[in-house]
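Trainee: Fold the following for me, if possible:
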Amino acid sequence: MIRAGRLKYVQTLAGLAEQLGVSYGTLRNKGLHLQEGHPAPISSPTARVQLWDAEQTRAFHSGKPIPDLPVTDYDQDLLDRHEAAVELGVSTATWNSYKSDPRLAEHVVLVPEQGGTEHWPRYVVRAFKDSRPGRGAGGGRRAGSGDMVPRDQLQPRIAELLDSNPAITVTEVADILGVAFPTAQAGLVQVRGRRIADLVEAERDLTTVEAAERLGYPKATFKGVVAAAQAELHARSALPYLQKVADALARAGIAEPVPVQVRQLAGGYLAAAVPLVVGQGVPALVWDERYGWRTATSRRHPIGKDTGSRPEGDGIRYLATGTHPDPEDLLDSFTSGGAQR
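Mentor: Below is the predicted model of the structure:
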C-alpha cells in the first residue's frame, strides 16, 4: 500500500529507469530492480503494476541505508484493489463490482496520475463498509426499504444480496433495491455470471453449469447465467495476449505500464485500448478481435462507438497482420509506419 503522506515518493518501473538514467528496456533486461537487497514493491504482491518507494530505491542504488517505511495503519493510507478487498473482507472480484459505487468512485486515486492503478483511501473503504446494505447496526440499507438504487450502484448491491442468499429471486432483488424488474434481472444475471467465471477459473475441471450448481443458483436461471459466464470467460481469455502486447509497448517506452481492460461490444465481440505516452503521434492503440490492431484518434474514448463495420478514417491506421500479431511485429509496424494489407 501507499502509506499516508508518501504518495509523492511513489515510483513505477519507468520512473526507476529514469532515476537510474537507463532505458526502461535496459532496466527490465538487466533486472536492476530484482537485485539482492533491492527494496520490495509497496504494492500488493498480486498487483499487475508494481510500485516502489523512490526514497528507498534511491538509497539502495546510492549504496546508502534503506529507510524504513511506516508500519502503522492510518486513514489516509492508499489501498489498491487487492488491499481494499482485504480491508472490506470480500474477494477481489466482489470489490471490482463495488468500485463503481459513487461512495468509492468519487475518491479513487490513480497512481501514477496518467493511466495509473486505482487506489482508495483507507477511510473511504471503511466508511463504505459501514454503510453496506444489510441488517443490524452498521448494516446500512435494510431490506424492503424501497429506496431507488442508481444503476452504477446496482451490481455492488446485488453482490451483497447474493452473499447472503445465492438463490435470491429477481422479484426479491427488485423489491429490496427498489428497481424495475428488468433492471434487477439483468444485474443479477451479470453478477452471477461473473461469479461462475471466477469459480471455473479457480477449478478448471468444473463446467459452467457445475459451477452454477456449486454456487447454489436456481436451475431456472442456468441458461442466462451460464451464457453470461461464458461471455465473461471469453473476455478474460483475451487478457494474457493483450497484456503481453501492452507490456511490450511499455518496455519499448511507447506506453506506460498499465493493466489492460477488456470491453465487450455489441454481438459479444471484444475490444481493448492501450494508452500511449505523449509524443507518439496518436493517443492509443486499439485491438478489436474482428479487425486486429489500429491507431486511435481519441484519448478519452479510444475504442469509440461500435457500428458493426471496420472503423476507417483520418488518424486510423491498421497495424501488422491478423488479429493476434506477435507484439514485436506490432511494434515494428507501428514504429515503421507500416499498415495492415
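
Trainee: Run through the helices of the stretch 51-200 of the chain in chain order.
Mentor: 54-61, 81-88, 92-98, 102-105, 122-130, 151-164, 170-177, 181-202 (DSSP state H, counting those that start in this stretch).

Trainee: Dump the fourth one to PDB, restricted to CA.
Mentor: Looking back up the chat, that one is helix 102-105. Below are the C-alpha coordinates for helix 102-105, written out as PDB (Å, rounded to 0.1, in the frame of the first residue of the first chain):
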ATOM      1  CA  PRO A 102     -20.100   6.700  -6.100                       C
ATOM      2  CA  ARG A 103     -19.100   6.400  -2.500                       C
ATOM      3  CA  LEU A 104     -15.900   4.800  -3.800                       C
ATOM      4  CA  ALA A 105     -15.600   6.100  -7.300                       C
END
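
Trainee: Now do that helix: which elements does it pack against?
Mentor: Counting contacts by 3 or more Cβ pairs under 8 Å, 6 or more residues apart in numbering; DSSP states H and E, helix 102-105 packs against helix 122-130, helix 151-164. All C-beta spots, glycine's among them, are computed from the backbone N, C-alpha and C.

Trainee: Next, format the ones you listed as TSV and append mean pLDDT, distance to residue 4 and mean neighbour count.
Mentor: Listed next are the helices and strands packed on helix 102-105 as TSV, based on pLDDT from 0 to 100; distance: least, Cβ to Cβ, whole Å; neighbours: other Cβ atoms under 10 Å:
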stretch	mean pLDDT	distance to residue 4	mean neighbour count
helix 122-130	90	8	17
helix 151-164	85	26	19
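
Trainee: May I see these arranged in CSV, with distance to residue 11 as well?
Mentor: Shown next, in CSV, are the helices and strands packed on helix 102-105 (distance: least, Cβ to Cβ, whole Å):
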stretch, distance to residue 11
helix 122-130, 21
helix 151-164, 32
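
Trainee: and residue 8, which of the ones you listed is closest to it?
Mentor: Closest approach to residue 8 among the helices and strands packed on helix 102-105 (Cβ to Cβ): helix 122-130, 18.0 Å.

Trainee: out of the helices and strands packed on helix 102-105, nearest to residue 192?
Mentor: Among the helices and strands packed on helix 102-105, helix 151-164 comes nearest to residue 192, with 7.1 Å by Cβ to Cβ.

Trainee: how big is the angle separating the closest one from helix 181-202?
Mentor: For helix 151-164 against helix 181-202, the angle by axes from the mean of the first three to the mean of the last three Cα atoms, to 10 degrees is 60 degrees.

Trainee: now what about helix 151-164, what contacts it?
Mentor: 90, 94, 97-102, 105, 132-134, 141, 149, 168, 172-173, 176-177, 179, 183-184, 187-188, 190-192, 195 (Cβ atoms under 8 Å, 6 or more residues apart in numbering).

Trainee: From these, keep the buried residues only.
Mentor: Using 16 or more other Cβ atoms under 10 Å as the burial test, the contacts of helix 151-164 include 90, 94, 97-101, 132-134, 141, 149, 168, 172-173, 176-177, 179, 183-184, 187-188, 190-192, 195 as buried.

Trainee: circling back to that earlier point, with respect to residue 307, which of the helices and strands packed on helix 102-105 lies nearest?
Mentor: The minimum distance between residue 307 and these falls on helix 151-164, with 24.4 Å, by Cβ to Cβ.
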